[in-house]
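Peer 1: My questions concern the predicted model and sequence given below.
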Amino acid sequence: MCEMYLLRKTMLGMVLVCCVACATPKGLPGDSIEASTGKRTGNPFEIRLTAKGAELKAVIEVSRKTTEKWVLHDMHLQPSRLELISSTGTVRKPYDSRMIKKFDTTPYCRLFWEVAPGKSLDFWSVRFQKSRDGYKGQWGPFHFDELPADDYRARVIWTSNRTQCFDENTGQTRKLLSWKGRVRSNQVFLHLR
């Protein structure tokens with residue numbers, strides 16, 4: 001009787017581990033923080049990150065429970081950040097090329113994308129290439145160079161903090177239905193071998 005109980009408990013544990021390991025790489029609902037309150041709220045956006053070999057791809061989706069949202073994901077003004085953590089727990093810091101570039105920081109209305117509820121928008125992707133001293137890749141303005149071969153935990157973090165844009169046609173600033181806060185994607189494993 002006791003052996004049967006332990007066998008069932010072990011089987012249940014194995015099923016749970018398999019379910020977690022085989023789960024599809026969906027985003028983390030509610031993993032957003034409102035800028036005005038600093039609290040977690042209903043998530044108007046979900047960033048889904050997928051990994052295939054040495055390639056990562058992120059898409060952003062607007063929740064079906066909300067209205068259309070304006071999204072500014074610009075490599076200079078409001079880029080998403082790729083977080084890479086090695087198997088030893090070391091956070092790999094990329095080089096931010098915006099530090100040496102001169103660029104127009106005006107948030108033009110043409111840079112914003114309107115995304116309808118339930119619809120998605122390609123956010124960014126990267127394919128890491130083998131180089132002389134490891135692996136290299138670029139996520140927006142962020143350059144990763146000399147990454148050692150390893151298994152990395154990867155996550156995308158995006159902060160939305162602009163609700164106004166400059167309309168070039170009228171020469172005026174206008175307010176957009178844009179959410180302010182931070183969204184984190186699901187975590188995936190990037191295998192660089």
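Peer 2: Received, thanks.

Peer 1: Give the buried residues for stretch 133-151.
Peer 2: 135-142, 144, 147, 150 (16 or more other Cβ atoms under 10 Å). All C-beta spots, glycine's among them, are computed from the backbone N, C-alpha and C.

Peer 1: Need the nearest residue in space to S63, chain neighbours excluded.
Peer 2: Leaving out its chain neighbours, the residue that sits closest to S63 by Cβ to Cβ, 6 or more residues apart in numbering is P44, at 5.3 Å.

Peer 1: hang on, C165 packs against P107?
Peer 2: Yes: using Cβ atoms under 8 Å, C165 is in contact with P107, at 5.0 Å.

Peer 1: what sits in contact with each of the two?
Peer 2: Residues touching both C165 and P107 (Cβ atoms under 8 Å, 6 or more residues apart in numbering) are L72.

Peer 1: so M75 sits right up against F142, yeah?
Peer 2: No: here M75 lies out of contact with F142, judged by Cβ under 8 Å, at a distance of 9.2 Å.

Peer 1: For the longest strand along the chain, name the packing helices and strands.
Peer 2: Assignment by DSSP state E gives strand 150-160 as the longest strand of the chain. Applying 3 or more Cβ pairs under 8 Å, 6 or more residues apart in numbering; DSSP states H and E, one finds that strand 150-160 makes contact with strand 45-52, strand 55-62, strand 81-85, strand 120-127, strand 181-184, strand 188-192.

Peer 1: Could you give me the buried positions within the shortest one?
Peer 2: Read it as strand 181-184. For strand 181-184, a neighbour-count test (16+ other Cβ under 10 Å) marks 181, 183-184 as buried.

Peer 1: Dump those residues into TSV; add pLDDT and distance to E55 as well.
Peer 2: Formatted as TSV, the buried residues of strand 181-184 follow (pLDDT from 0 to 100; distance: Cβ to Cβ, whole Å):
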residue	pLDDT	distance to E55
G181	83	28
V183	86	21
R184	88	20
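
Peer 1: quick one: low-confidence ranges for this structure?
Peer 2: When residues are selected by pLDDT under 70, those of the chain lie in 1-43.

Peer 1: give me that answer again for 50
Peer 2: 2, 4-30 (pLDDT under 50).

Peer 1: Report the central residue of it.
Peer 2: Nearest residue to the geometric centre of the chain (Cα atoms, centre = their mean): V156, 2.6 Å.

Peer 1: quick one: contacts for that residue?
Peer 2: If you count contacts by Cβ under 8 Å, 6+ apart, V156 has them with 47, 49, 58, 80-83, 123-124, 184-185.

Peer 1: Pop out the phi and psi values for L111.
Peer 2: Main-chain torsions, L111, degrees, to the nearest 10: phi -80, psi -10.

Peer 1: hang on, the earlier thing: ok, and for the longest strand of the chain, which residues are buried?
Peer 2: Residues of strand 150-160 classed as buried: 150, 152, 154-156, 158, 160 (neighbour count, 16+ other Cβ under 10 Å).
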